[in-house]
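Build me a model from this:
(one chain, ligands or ions: 1)
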Amino acid sequence: MPKTDILIVGSGISGLFFAIKTARKRPDLSICIMTKEKANNTNTQLAQGGIAVVTNQLKDSFEQHIKDTLKSGAGLCDEEIVKMVIQQAPERLEELIELGAIFDKNKEGQWDLGLEGGHSQHRILHHKDSSGLEIEKKLLSIITQTANIELLENHQVIELNTETKRNEVNCTGAFFYDKNNNAIKYIRTRAIVLSTGGCGQLFENTTNPAIATGDGIAMAARAGVEIKDMQYMQFHPTALASGNKNPLFLISEAVRGFGAYIINDEHKRFLFKYDLRGELATRDIVSRAISIEMLETQKKHVYLDCRHLDQDDFFKHFPSISAHCNAIGLYPEKDLVPIVPAAHYQCGGIKVDRNGVTTIKNLYAIGECARTGLHGKNRLASNSLLEALVFAHQASNNIDKTIAAFIFSSKILLPKFSTVNIKNNYEPYQILKKELQKLITSFYASDEHDTHLAMLKIKMLKNEAENLIDKNEITIPFIDFSNMLTTALIIIKQCQPEKEHSY
Ligand code: SIN
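Reported below is the predicted structural model:
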């Protein structure tokens, strides 16, 4: 039966940064990263904007970044966590650069700092418009060269195993599906770090890739871990409206920071009606304003107008966005770009302390799946990659204690899932997934949540999903869909006491 000192689930920025830091500090430990598809298939890879860091103390200050974060979070951030993250940012950035990540500089050799909604200063470090891709590539290349890290692609963790010792629940291993060999296995471990990302796939319009099915949230919840603030889903205002595509292509907030306008069907800017900052108000405000405008005008989208911008400069800063638009026949220098709000970031998640420790022993959560207290009701743009770095660092510093206190038990667990369905038939689940997305999208958008009805529908979808497989059988689409149902149920329940939400 396989055994590792630390199991990391997920291969985005938080999991990879944690793995590298820990592996370098503790070459005596074995570290295993499991990821359900290819390692680079992550939300990190799609992050365009960059990392918010105060790098110029003459023009900017920690205090201003803290103030912007607290304001964006609408009074629901944990101020101590906000301070910790923002004050640590320069050191973590330095480490990331040492690991090879490159960020753009201007002609004077200074950081080319971008501006995004809710920021009172230019402070976003970026690698053109593909900052996440740059980071993911550089970190993965180090991971594959690090002797005490094993990276297992196509390995989907299904369930965490817990054992109660002296009245305390301990996480001691995990069941996983080895897709390469079509087998269910169990791995014993001293500590598990969940870095499984978000749940954007629960919504009809999302910028998140197909893997974002809330796996970490669902597994942690089933293991009895506290989950918090799942009612705060962040919608990005400027996803490219392109039919029923899922995911929708993101048009970075940095484009508005660069001077693009949002206009309605009559080609009028309308955001100043809602907030004096106009296009540079925070995402919750801009997304809500666009939704109201679309409803009032009965249109399916509004537009991003880039026609007045310096085109050479635009192309230099946003080559990927330009290329994507051009490929579908849109030329931002002369065409209006149709946009809609889309589910983008889960502000809540697995409740953790300042070290990424969850409410059960030996289990950590970092990155988007964790609820750290940084974001409150609405995350400030480009604070998420930063949060991932800081909490990976905190967890890495803390894990020595966890490892030292853990002794592997001699108990050998037999897999509780006995059969594997080799066919893995995805088609019927696609239909159920669409129904679930429709349900959650309309539930979330409505002011009067009909919780009872929504729960009933979830139950019906669960029955339908279970009817698609035989007893004792488990399939990949079933695992993903079950995680989505569990996460959906948590959102529905946590929306209940809230009169308002962030959309
Ligand atoms: C964007 O580039 O607009 C996304 C950055 C983020 O989600 O913070």
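
so where's the stretch 1-150 of the chain uncertain?
In the predicted model of the stretch 1-150 of the chain, no residue satisfies pLDDT under 70.

what does it have sitting close to the ligand?
Counting by C-beta under 6 Å from any ligand atom, the residues of the stretch 1-150 of the chain close to the ligand are 47-49. Backbone N, C-alpha and C define where each C-beta goes, glycine included.

got it, and the chain?
47-49, 252-254, 345, 381-382, 384.

switch the cut-off to 5 Å
Counting by C-beta under 5 Å from any ligand atom, the chain comes close to the ligand at 48-49, 252-253, 381-382.

Just these: which are in strands?
Nothing among the residues of the chain next to the ligand maps onto strands, per DSSP state E.

mind putting these in TSV, distance to His126 included?
Below are those laid out as TSV (distance: C-beta to C-beta, whole Å):
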residue	distance to His126
Gln48	8
Gly49	6
Ser252	9
Glu253	11
Ala381	11
Ser382	8
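
possible to save those as JSON lines with neighbour count?
Converted to JSON lines, these look like this (neighbours: other C-beta atoms under 10 Å):
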{"residue": "Gln48", "neighbour count": "24"}
{"residue": "Gly49", "neighbour count": "24"}
{"residue": "Ser252", "neighbour count": "28"}
{"residue": "Glu253", "neighbour count": "29"}
{"residue": "Ala381", "neighbour count": "29"}
{"residue": "Ser382", "neighbour count": "28"}
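
Which of these sits closest to Thr164?
Ser382 (41.2 Å; C-beta to C-beta).

thinking the closest one is in contact with Glu116, fair?
Yes. Contact criterion C-beta atoms under 8 Å: Ser382 and Glu116 qualify, at 5.7 Å.

Common neighbours of the two, please.
49, 52, 124, 253 (C-beta atoms under 8 Å, 6 or more residues apart in numbering).

Just to be sure, which of the residues you listed are found in helices?
Within the shared contacts of Ser382 and Glu116, residues falling in helices by DSSP state H are Glu253.

in the stretch 101-250 of the chain, which spans are strands?
For the stretch 101-250 of the chain, strands defined by DSSP state E, counting those that start in this stretch occupy the ranges 124-125, 149-152, 155-165, 168-178, 183-194, 227-228, 233-240.

Chain neighbours aside, what residue packs nearest to Cys32?
Nearest non-adjacent residue to Cys32, counting by C-beta to C-beta, 6 or more residues apart in numbering: Thr4, 4.1 Å away.

and the one helix or strand that neighbour maps to with strand 183-194, angle?
Assigned by DSSP states H and E, Thr4 belongs to strand 3-9. Strand 3-9 and strand 183-194 are oriented at 70 degrees to each other (axes from the mean of the first three to the mean of the last three C-alpha atoms, to 10 degrees).

any idea which helix or strand carries Ser14?
According to DSSP H and E, Ser14 maps onto helix 13-25.

Just the C-alpha atoms of that helix, please, in PDB.
Taking C-alpha atoms only, helix 13-25 is exported to PDB below (Å, rounded to 0.1, in the frame of the first residue of the first chain):
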ATOM      1  CA  ILE A  13       0.200  27.800  -7.700                       C
ATOM      2  CA  SER A  14      -0.500  27.100  -4.100                       C
ATOM      3  CA  GLY A  15       0.200  23.300  -4.200                       C
ATOM      4  CA  LEU A  16       3.300  23.700  -6.300                       C
ATOM      5  CA  PHE A  17       4.800  26.500  -4.300                       C
ATOM      6  CA  PHE A  18       4.100  24.600  -1.100                       C
ATOM      7  CA  ALA A  19       5.700  21.500  -2.500                       C
ATOM      8  CA  ILE A  20       8.900  23.300  -3.700                       C
ATOM      9  CA  LYS A  21       9.300  25.200  -0.400                       C
ATOM     10  CA  THR A  22       8.800  22.100   1.700                       C
ATOM     11  CA  ALA A  23      10.800  19.800  -0.400                       C
ATOM     12  CA  ARG A  24      13.800  22.100  -0.300                       C
ATOM     13  CA  LYS A  25      13.600  22.600   3.400                       C
END
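
ok, His119 - contacts?
Counting by C-beta under 8 Å, 6+ apart, His119 has contacts 52, 65, 68, 257, 280, 380-382.

So which helix or strand of this protein has the lowest pLDDT on average?
Scoring the helices and strands of the chain by mean pLDDT, DSSP states H and E places strand 419-420 at the bottom, with a mean of 62.

following it, which helix or strand comes up?
Using DSSP H and E, the next helix or strand after strand 419-420 towards the C-terminus is helix 427-445.

I'd like the average pLDDT over that following helix.
Averaged over helix 427-445, pLDDT sits at 95.

which of the residues in whichever helix or strand comes after it are buried?
Using DSSP H and E, the helix or strand that follows helix 427-445 in sequence is helix 451-467. Neighbour-count burial for helix 451-467 flags 454, 457-458, 461-462, 465 (criterion: 16 or more other C-beta atoms under 10 Å).

same deal with stretch 240-256?
In stretch 240-256, residues buried by neighbour count (16+ other C-beta under 10 Å) are 240-241, 246-256.

repeat for stretch 132-139
132-136, 138-139.

Just those: which are in helices?
Those of these lying in helices (DSSP H): 132-136, 138-139.

quick one: contacts for Lys138?
Counted by C-beta under 8 Å, 6+ apart, Lys138 has contacts 99-102.

Just give me the closest of the residues you listed to Glu368.
Ala101 (18.8 Å).

Give me the average confidence score over stretch 344-353.
98.

how far out from the middle of the chain is that stretch?
Its chain's C-alpha centre lies 9 Å from the corresponding centre of stretch 344-353 when counted by C-alpha atoms, centre = their mean, to the nearest Å.

what's the span of it from first residue to last?
Stretch 344-353 stretches 24 Å from its first residue to its last (C-alpha to C-alpha, to the nearest Å).
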